[in-house]
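Chemist: Have a look at this prediction, sequence included:
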Amino acid sequence: MGAVKAPHDAVEAPRILRVAGPLVELTYTGGTAMHDVVLLGEAAVPAEVVSIRGDVVTAQAYEYTGGLAPGGPARPQGGPLSVRLGPGLLGGVFDGLLRPLAHAGDRLTAGHTGMPEERTWSFTPSVPEGGQAAEGEVLGEIGLPVPLGVLVPPGCSGPVTRIAPAGSYDEGTVVAVVAGKEIRMSARWPVRKPRPVRERLGAVEPLTTGQRAIDLLFPMALGSTVAVPGSFGTGKTVLLQQIAKWCDADVIVYVGCGERGNEMADVIAELSELEDPRTGGRLHDRTVVIANTSNMPMMAREASIHTAATVAEYFRDMGLDVVLIADSTSRWAEALREFASRMGELPAEEGYPARLASELAAFYERAAAVRTLGGRTGSVTVIGAVSPPGGDVTEPVTAHTERFVRCLWSLDRDLAYARHYPALSWSASFSRDVAALAAARERAGDRDWPQRRTRVAALLTEADRLADLVELVGVAALPPQERVSVLAGRLLREGVLQQNALSPLDSYCSPAKTAALAEAVLTVVARCGELADSGARADAVEAVDFTPLLRAREEAGPEDTTAVEAARDTVLARLGEAL
């Protein structure tokens, strides 16, 4: 038996010493660790340990601290912030701590527990009782539009001593016992700890977004990372919403980090109304929304990014392809800056903490295509919006983010003001996945994709080079071939790269239609070049009505390549008649 402590050695119950806004000091001699969660006051306001100095512990509250006072109780939870992962996530709206918001009212009350409504899901066992199960193995299937399962947790393997029969169970039900460990429909996981995998795979398969400017010029691979920098009004949120609606991922995790509440409400409403092209149900049913709006506490905003990554990894471990959309990482970085200032950390560039780069790297590092512990393949693709103040892309968040991502979709203010959406700058954007994805496109039957992309990019670059010259001397002063290049830039911008998010025919564009539109414009441009070489007057070429070609993107259906080819033939015929 252990020695009995003397009365003077008894551990003093933790108490609140001081409250300074969201920073709360506690007296605690029982031992704790950084990032552990502690509940403050009678309302059980959750907070995170951020500093330990002797028997004085400093915690940063996740919620409003009104009502807390010195001498109030504090209850350490003995571990870091963890969230419950289970089938109830799909179709739900949560705060930054993954607490359901469906029945929380207009505002969260202090100590909101986030207990969801009672729901059950069908469970069908896939392993026999008495058999062996390894970590990551599927113990049973859960009946949902998205195929989910109950997995053996990491670090656990052995005999299945109990497996529940087929039936409906809630998230807290023990459905299996493996090596003496009880396994429920849901499980908890610390948000800052990446879930383990067997191996990371190369990014070789494309993620189709349905947005022509992206899929044609700056594609991304499953498991890749993307930054979307753009100043206010350039259309970041609309572009991210379009990707959430139309990309071919299995699950969407959308985290509104510090966004305006009305924008988050619009996102939720649209996802609820949009029909899922895969299942015929609601797109919302395979989406997880984490709404941590700008009026919510700073510490919850900082945690929301890690929470979203943990949720994405949970679905990835099921063998699914997940897209994590973070809007925006700049406001997450602002939360880091505010927190660092309160803790007295030495500021670096523009007041951000010196650890900003490593924090960004750790977040984007959680994206990958992987082979899971159970042997399946899955991926997490991270798309993070960046909001540089005043459009200054040299500011720290944008500059550091660009170092860690494989794709950059830079949004241009001039294009946005000209009503060109998406306002994706073809000169300031890049994709490091192009070479790998060219082989995937060829395997899919589109052998001309690399050449098509190269030709489009070259024409846009040449048109941009001539733009300043045209402003100085006018287009009439240019040689015929250069006038054709200026015309080519206009046809590509208006006929291919522009896309109307509000049009039922143009909101989504299939890879086949994207290829058809690009080929149609390239064919027409090539014919214009031949006419210019043969001595045709450049102004006569420019005077031809190209309207059918420019309107084909909105008049042809998302999969309709025949209408695009007809528009191309109409314009070619007009060129022949006019010249």
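Modeler: Cool, the structure landed.

Chemist: distance between the worst-scoring helix or strand of the chain on mean pLDDT and the chain's centre?
Modeler: Lowest by mean pLDDT, DSSP states H and E among the helices and strands of the chain is helix 261-273, with a mean of 81. Distance, stretch centre to chain centre, for helix 261-273: 16 Å (C-alpha atoms, centre = their mean, to the nearest Å).

Chemist: Okay, buried residues for it please.
Modeler: 263, 264, 267, 268, 271 (16 or more other C-beta atoms under 10 Å). C-betas here are computed from N, CA, C, even on glycine.

Chemist: same deal with stretch 480-489?
Modeler: 480, 482, 483, 484, 485, 486, 487, 488, 489.

Chemist: likewise stretch 202-221?
Modeler: In stretch 202-221, residues buried by neighbour count (16+ other C-beta under 10 Å) are 203, 205-221.

Chemist: Please apply the same query to stretch 558-571.
Modeler: Buried, per 16+ other C-beta under 10 Å, within stretch 558-571: 558, 560, 561, 563, 564, 565, 567, 568, 570, 571.

Chemist: Alpha carbons only: can I get that stretch in PDB?
Modeler: The C-alpha trace of stretch 558-571 is given here as PDB (Å, rounded to 0.1, in the frame of the first residue of the first chain):
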ATOM      1  CA  PRO A 558     -22.300  21.100 -68.100                       C
ATOM      2  CA  GLU A 559     -21.700  18.000 -70.100                       C
ATOM      3  CA  ASP A 560     -22.700  19.300 -73.600                       C
ATOM      4  CA  THR A 561     -19.800  19.300 -76.000                       C
ATOM      5  CA  THR A 562     -21.900  19.000 -79.100                       C
ATOM      6  CA  ALA A 563     -23.300  22.600 -78.600                       C
ATOM      7  CA  VAL A 564     -19.800  23.900 -78.100                       C
ATOM      8  CA  GLU A 565     -18.600  22.300 -81.300                       C
ATOM      9  CA  ALA A 566     -21.600  23.700 -83.200                       C
ATOM     10  CA  ALA A 567     -20.800  27.200 -81.900                       C
ATOM     11  CA  ARG A 568     -17.200  26.700 -83.100                       C
ATOM     12  CA  ASP A 569     -18.300  25.700 -86.500                       C
ATOM     13  CA  THR A 570     -20.700  28.700 -86.800                       C
ATOM     14  CA  VAL A 571     -17.800  31.100 -86.000                       C
END
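
Chemist: for the residue sitting nearest the centre point of the chain, helix, strand, or coil?
Modeler: With distances taken as C-alpha atoms, centre = their mean, the residue of the chain nearest its centroid is residue 325 (1.6 Å). Following DSSP: H, G, I helix; E, B strand; the rest coil, we place residue 325 in the strand state.

Chemist: so it makes contact with residue 240?
Modeler: Yes. Taking contacts as C-beta atoms under 8 Å, residue 325 lies within contact range of residue 240: 5.1 Å.

Chemist: Give me the common contacts of those two.
Modeler: Common contacts of residue 325 and residue 240, defined by C-beta atoms under 8 Å, 6 or more residues apart in numbering, comprise 254, 383, 385.

Chemist: So for the second one, what pLDDT did the model give?
Modeler: Read it as residue 383. Per-residue pLDDT puts residue 383 at 97.

Chemist: Show me what it is bridged to.
Modeler: residue 226, residue 325 (DSSP bridges).

Chemist: what about it, distance to residue 405?
Modeler: Per C-beta to C-beta, to the nearest Å, residue 383 is found 9 Å from residue 405.

Chemist: Looking at those two, which has the bigger crowd around it?
Modeler: More crowded of residue 383 and residue 405, by other C-beta atoms under 10 Å: residue 383, with 27 against 24.

Chemist: Now do the same contact list for that one.
Modeler: Contacts of residue 383 by C-beta under 8 Å, 6+ apart are 225, 226, 228, 240, 243, 323, 324, 325, 326.

Chemist: re the thing from before, tell me which of the buried residues of stretch 480-489 fall in helices.
Modeler: Counting by DSSP state H, the part of the buried residues of stretch 480-489 found in helices is 480, 482, 483, 484, 485, 486, 487, 488, 489.

Chemist: Please give me every residue in contact with the residue nearest to the centre of the chain.
Modeler: 240, 243, 244, 252, 253, 254, 255, 383, 384, 385.

Chemist: how about CSV for the residues you listed, with distance to residue 147 and secondary structure added?
Modeler: Shown next, in CSV, are the contacts of residue 325 (distance: C-beta to C-beta, whole Å; DSSP: H, G, I helix; E, B strand; the rest coil):
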residue, distance to residue 147, secondary structure
240, 26, helix
243, 22, helix
244, 20, helix
252, 16, strand
253, 17, strand
254, 21, strand
255, 23, strand
383, 24, strand
384, 27, strand
385, 30, strand
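
Chemist: So which of the residues you listed is the closest to residue 276?
Modeler: residue 252 (10.5 Å; C-beta to C-beta).

Chemist: Apart from its neighbours in sequence, what residue is nearest the closest one?
Modeler: residue 287 (4.5 Å; C-beta to C-beta, 6 or more residues apart in numbering).

Chemist: rewinding a little: same for the least confident helix or strand of the chain, what does it pack against?
Modeler: helix 236-246, strand 251-257, strand 287-292 (3 or more C-beta pairs under 8 Å, 6 or more residues apart in numbering; DSSP states H and E).

Chemist: still on that earlier bit, ok, so of the ones in helices among the buried residues of stretch 480-489, who is nearest residue 314?
Modeler: residue 489 (45.4 Å).

Chemist: which residues does the residue nearest to that closest one when sequence neighbours are not counted contact?
Modeler: Among residues not flanking residue 489 along the chain, residue 463 sits closest, at 2.4 Å (C-beta to C-beta, 6+ apart). The neighbours of residue 463, taking C-beta under 8 Å, 6+ apart as the test, are 485, 486, 488, 489, 490, 492.

Chemist: before we move on, the earlier item: from the contacts of residue 383, which one has the minimum pLDDT?
Modeler: residue 240 (90).

Chemist: Quick check, residue 568 in contact with residue 550.
Modeler: No. With contacts counted by C-beta under 8 Å, residue 568 stays clear of residue 550, the gap being 11.5 Å.

Chemist: Surely residue 138 is in contact with residue 151?
Modeler: Yes. Applying C-beta under 8 Å, one finds residue 138 in contact with residue 151, separated by 6.1 Å.

Chemist: shared neighbours, the two?
Modeler: residue 374.

Chemist: quick one: the strands in the stretch 51-200 of the chain?
Modeler: 56-61, 74-80, 82-85, 93-94, 121-125, 132-133, 138-142, 148-151, 158-163, 167-169, 174-178, 181-184, 187-190, 199-201 (DSSP state E, counting those that start in this stretch).

Chemist: list the buried ones in the fifth one?
Modeler: Of the residues in strand 121-125, 121, 123, 125 count as buried by neighbour count, 16+ other C-beta under 10 Å.

Chemist: same deal with the last one?
Modeler: Taking 16+ other C-beta under 10 Å as the neighbour-count basis, strand 199-201 is seen to contain the buried residues residue 201.

Chemist: and stretch 490-510, average pLDDT?
Modeler: 95.

Chemist: How far does it stretch from one end to the other?
Modeler: Stretch 490-510 has an end-to-end distance of 22 Å (criterion: C-alpha to C-alpha, to the nearest Å).

Chemist: buried sites along it?
Modeler: 491-499, 501, 505-510.

Chemist: ok, now stretch 17-35?
Modeler: Under 16+ other C-beta under 10 Å, the buried positions of stretch 17-35 are 17, 19, 22, 23, 24, 25, 26, 27, 28, 32.

Chemist: Find the nearest non-adjacent residue to the first one, please.
Modeler: Distances taken as C-beta to C-beta, 6+ apart place residue 25 nearest to residue 17, at 4.4 Å, with adjacent residues excluded.
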